[in-house]
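1. need a 3D model of the following:
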Amino acid sequence: MLDPIADMLTRVRNAQAAGRASVVLNFSSVKEIIAQILVREGYASRVEKSDEDGKPSLTIWLRYEQVTPTQKKPAITEIDRVSKEGCRIYIKRHDIEKVKNGYGIAIVSTSQGIMTGREAYRKGLGGEYICKVW
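-> Residues are numbered from 1 along each chain as shown. A predicted model of the protein is given here:
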């Protein structure tokens, strides 16, 4: 696996497309922070760290909206990796864009940790543009 963050985002995207309640990932602290941001912003319901067979794992419980009694709509419409292993994208504070006119979030890795684009802008920070979610 070359890019564990891209793998995480792909697993979340595929789990939501399949209508699964949760997705299990190999644990890393970066993945845990990104998952906690998804929970805080309302795209996932909760995150749990577990230790099965000596291997730490991360379970993300996905959130859905009930459209009709039989149909549910995923909270995440799209989740895209921006900065990739082969082509890192760094942005300054003033270049942090609003995702879908403010309906989505950007996730940025700054010198003060991983945070949303909105938080980075308020703190006057730029950094690596990890992904965008809407």
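2. so residue 110 versus residue 128, what's the distance?
-> Here residue 110 is placed at a distance of 8 Å from residue 128 (CB to CB, to the nearest Å). Every C-beta, even on glycine, is put in place using the N, C-alpha and C of the backbone.
3. identify the residues contacting residue 24.
-> 57-59 (CB atoms under 8 Å, 6 or more residues apart in numbering).
4. go again with 10 Å.
-> When contacts are counted by CB atoms under 10 Å, 6 or more residues apart in numbering, residue 24 touches 11, 15, 48, 50, 52, 57-60.
5. what do you get for residue 95?
-> 89, 117, 121, 126, 129.
6. tell me the one of the residues you listed nearest residue 102?
-> Residue 102 lies nearest to residue 117 out of the contacts of residue 95, by CB to CB, at 10.4 Å.
7. weed out the non-buried ones from the contacts of residue 95.
-> Buried residues within the contacts of residue 95, counting neighbours by 16 or more other CB atoms under 10 Å: 117, 121, 126, 129.
8. surely the first one is in contact with residue 129?
-> In this case it means residue 117. Yes: taking contacts as CB atoms under 10 Å, residue 117 lies within contact range of residue 129: 8.0 Å.
9. name the residues linked to the closest residue to residue 38 other than its chain neighbours by a beta bridge.
-> Once flanking residues are discounted, residue 38 sits nearest to residue 44: 4.3 Å by CB to CB, 6 or more residues apart in numbering. Note on residue 44: beta-bridge partners by DSSP bridges are residue 62.
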